[in-house]
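A.B. asks: Generate coordinates for the sequence data below:
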Amino acid sequence: MGITYIEGRVRGPTGREEGVRFLVDSGATYTLLPKRVWEKIELKPVREHVFVLADGSEVRRKVSECYIMLPQGEAHTPVVLGEEGDEALLGVVTLGILGLVFDPFRRELRPMRMLLV
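C.D. replies: The predicted structure is shown next:
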């Protein structure tokens, strides 16, 4: 199993931006921002969800929204507000919003085959 990172930027509601090195995680539903990042761009929680971790345990985390900018595109996306020690993750909801999929063989983001059904 390979690990792939991608450099991006995020912008909060006040226009503040921050660079982020995301771990591409096709098993994660939402993108996660580390605490230092979401505090710096002044995000505020808008709701809360329970998330299941890979080991089956559950955690409750607050969720917000921000603007994300990657080399492959940019869009508005929901994000989990991480806690101390959490790493930035790029999840499948954000990838879908951007029309991207993760190619595990080439370890890169590629355009998604878009269906209108």
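A.B. asks: residues in contact with the residue nearest to residue 14 when sequence neighbours are not counted?
C.D. replies: Closest residue in space to residue 14, ignoring its immediate chain neighbours: residue 42 at 4.9 Å, by Cβ to Cβ, 6 or more residues apart in numbering. (C-beta placed from N, C-alpha, C; glycine too.) Neighbouring residues of residue 42 by Cβ atoms under 8 Å, 6 or more residues apart in numbering: 12, 13, 14, 16.
A.B. asks: wait, which of these is closest to residue 58?
C.D. replies: residue 12 (27.6 Å; Cβ to Cβ).
A.B. asks: from memory the closest one sits against residue 43, does it?
C.D. replies: Yes - counting by Cβ atoms under 8 Å, residue 43 is a contact partner of residue 12 at 5.2 Å.
A.B. asks: Report the set of residues contacting both of these two.
C.D. replies: By Cβ under 8 Å, 6+ apart, the residues touching both residue 12 and residue 43 are residue 66.
A.B. asks: what's the helix or strand for residue 3?
C.D. replies: For residue 3, there is no host helix or strand (DSSP states H and E).
A.B. asks: Kindly provide the distance from it to residue 89.
C.D. replies: Using Cβ to Cβ, to the nearest Å, residue 3 is found at 12 Å from residue 89.
A.B. asks: Which of the two has more residues huddled nearby?
C.D. replies: residue 89 (21 against 8; other Cβ atoms under 10 Å).
A.B. asks: For the more buried one, which residues are in contact?
C.D. replies: With Cβ under 8 Å, 6+ apart, residue 89 has these contacts: 22, 23, 25, 28, 31, 32.
A.B. asks: list residues touching both of residue 3 and residue 89?
C.D. replies: Contacts common to residue 3 and residue 89, judged by Cβ under 8 Å, 6+ apart, are residue 23.
A.B. asks: Got a quick PyMOL command for the buried subset of the contacts of residue 89?
C.D. replies: Command for PyMOL that selects the buried part of the contacts of residue 89, burial taken from 16 or more other Cβ atoms under 10 Å:
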select buried, resi 22+25+28+31+32
